[in-house]
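A.B. asks: Following is a predicted model, sequence given first.
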Protein chains: 2
Amino acid sequence: MKNRPLILVTNDDGITAPGIRTLVSIMKTIGDVVVVAPDRPQSGMGHAITLDSTLHIEKIHVNEGDYDAYSCSGTPADCVKIAVNEILDRRPDLVVSGINHGSNSSINVIYSGTMSAAIEAGIEGIPAIGFSLLDYSWNANFEHSKSYIKTIAENVLNEGLTEGTVLNVNIPNLEKNNIQGIKICRQARANWKEEFDKRKTPQGKDYYWLTGKFVNYDKGKDTDEWALENGYVSVVPVQFDLTAHHAIQHLNTWNFNE
Amino acid sequence: MKNRPLILVTNDDGITAPGIRTLVSIMKTIGDVVVVAPDRPQSGMGHAITLDSTLHIEKIHVNEGDYDAYSCSGTPADCVKIAVNEILDRRPDLVVSGINHGSNSSINVIYSGTMSAAIEAGIEGIPAIGFSLLDYSWNANFEHSKSYIKTIAENVLNEGLTEGTVLNVNIPNLEKNNIQGIKICRQARANWKEEFDKRKTPQGKDYYWLTGKFVNYDKGKDTDEWALENGYVSVVPVQFDLTAHHAIQHLNTWNFNE
């Protein structure tokens, strides 16, 4: 590559999150960085986009001064759309999202704002990666994740990605010495067993908090859950053609009474 | 089936939308209906869930009196979670979402609140269908869609769905005589070419509205876009295992410098 690659950095925890600062510091070592990230946390936003209200962008003062950063009033997917169409003066070579404070493995990919930003970039034809660390705390230690993130990003820049795919990378919360390496995986079959925490308002009306327990039904050793439990960084190629091609034949046997 | 099937009806246009009323009227002819739907429009919400605020449910008075209806302060995916876990006294046999006012074909499945409700049900192991009519107006005429929706729902109840899949059904905005029938399809490769409408606040600050143009890159005659353009009701089986299995082999050739 003649010029340094242009790397767009975003996330769903908001522009002030420690995770995105770490991601910026890694990306600065391999390319020119522009940050466009939500102005507040957007966890659990799935692939939401803002259709019914206006979007606002604010240029942010960055201490280091060696990259541009913008906060956006929208969702992670909005950030990618507005960055590519209104903020950047050329098409980015790579979009990275994260580092998320908390896992986006397995079925969490569906609910993940972090991954929605990566998927939005993929839809626009730009190579993209979502990174997540298995530690929900704001003070999570991202130090041990740096070398893995760097080498995965470099591979994507050098090799490209299969058309119609982006990467979902999850990093176990372990000391560097205890990480076993990087493992290419499939998404484990798992879901959340919801537990609604039912409470009463001071006025005596019921309301609920959504909580739940993650349940992994999948014993496969080729899954992201297995990899993470066994100390590996998991890398799942994710597609946005949701067609269940294997189900088409069965549906074609149906009789419809129209 | 010995008992009448229990059918949960939801949507993303909100509980007062004409589309959901039509869907309820169809479902009442084949089963016992309970409605749990958002208390306001939630279009473009993707697979958002409510993690950072409380959920409220309100029992709604229904004129006909022959089914129960609840409005919920959350997203379409929240509605399915709270219905299954807190409202219904038994597991539904079918979850239907819609009828959406507007298309959810092709890449729109990613942004669709209608489909996120169906996918959430699928994750919980319940057969599910999202229905959309290709007419965005609130006064859309749903009359011609009724027989198609009924026969598709009956087939799902009788035949079940392939594990890990739900159906994305889109209905062209045509007179019944001009509809060619039902076609099983794959998701067309298409996206939105964003056009941000940039304006100034009265105080002179820039802001944006997200608009765009839908672009179909896919000439295949087996796609949902082809079917709809040619007067068919499109049925796409949709999966929530997002793994791009065909991309794994390439990734396994990469060299990582950890």
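C.D. replies: In hand now; what should we look at? Numbers count the residues shown, from 1 in each chain, chains lettered A, B, ... in the order given.

A.B. asks: Show me where the stretch 1-150 of chain A dips below the pLDDT cut-off.
C.D. replies: The model of the stretch 1-150 of chain A has pLDDT under 70 over residues A:1-2.

A.B. asks: try 90
C.D. replies: Residue ranges of the stretch 1-150 of chain A with pLDDT under 90: A:1-3, A:41-53, A:61-66.

A.B. asks: Spell out which parts of it neighbour chain B.
C.D. replies: A:41, A:43-52, A:54-57, A:74, A:77-78, A:81-82, A:84-86, A:107, A:109-111, A:116, A:119, A:123-124, A:147-148 (CB under 8 Å from any CB of the partner chain). Bear in mind the C-beta positions are built from the backbone N, C-alpha and C, glycine included.

A.B. asks: ok, of those residues, which come out buried?
C.D. replies: Using 16 or more other CB atoms under 10 Å in any protein chain shown as the burial test, the residues of the stretch 1-150 of chain A next to chain B include A:41, A:43-50, A:55-57, A:74, A:77-78, A:81-82, A:84-86, A:107, A:109-111, A:116, A:119, A:123-124, A:147-148 as buried.

A.B. asks: Counting only strands, which of these make the cut?
C.D. replies: A:Ile57 (DSSP state E).

A.B. asks: Among the buried ones among the residues of the stretch 1-150 of chain A next to chain B, which lie within helices?
C.D. replies: Under the assignment DSSP state H, those contribute A:77-78, A:81-82, A:109-111, A:116, A:119, A:123, A:147-148 to helices.

A.B. asks: which residues of chain A fall in strands?
C.D. replies: A:6-10, A:32-38, A:57-60, A:68-72, A:94-101, A:128-133, A:165-171, A:181-184, A:190-200, A:206-216, A:232-239.

A.B. asks: Quick one: the ones you listed as TSV, columns for distance to B:Ala247 too.
C.D. replies: Output for the strands of chain A, formatted as TSV (distance: least, CB to CB, whole Å):
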stretch	distance to B:Ala247
strand A:6-10	21
strand A:32-38	26
strand A:57-60	34
strand A:68-72	30
strand A:94-101	17
strand A:128-133	13
strand A:165-171	5
strand A:181-184	9
strand A:190-200	21
strand A:206-216	23
strand A:232-239	4
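
A.B. asks: closest to B:Glu159 out of those?
C.D. replies: Of all those, strand A:190-200 sits nearest to B:Glu159, with 23.4 Å by CB to CB.

A.B. asks: Report the contact partners of the closest residue to A:Pro76 other than its chain neighbours.
C.D. replies: Sequence neighbours aside, A:Ala117 is the residue nearest to A:Pro76 in space, at 3.7 Å (criterion: CB to CB, 6 or more residues apart in numbering or on different chains). When contacts are counted by CB atoms under 8 Å, 6 or more residues apart in numbering or on different chains, A:Ala117 touches A:10-12, A:76-77, A:79-80, A:95, A:97, A:128, A:130.

A.B. asks: From A:Ile49, how far off is A:Ala117?
C.D. replies: 11 Å (CB to CB, to the nearest Å).

A.B. asks: Please apply the same query to A:Ile184.
C.D. replies: Counting by CB to CB - A:Ile184 and A:Ile49 are separated by 30 Å.

A.B. asks: same check, this time on A:Asp206
C.D. replies: Where A:Ile49 is concerned, A:Asp206 sits at a distance of 32 Å (CB to CB).
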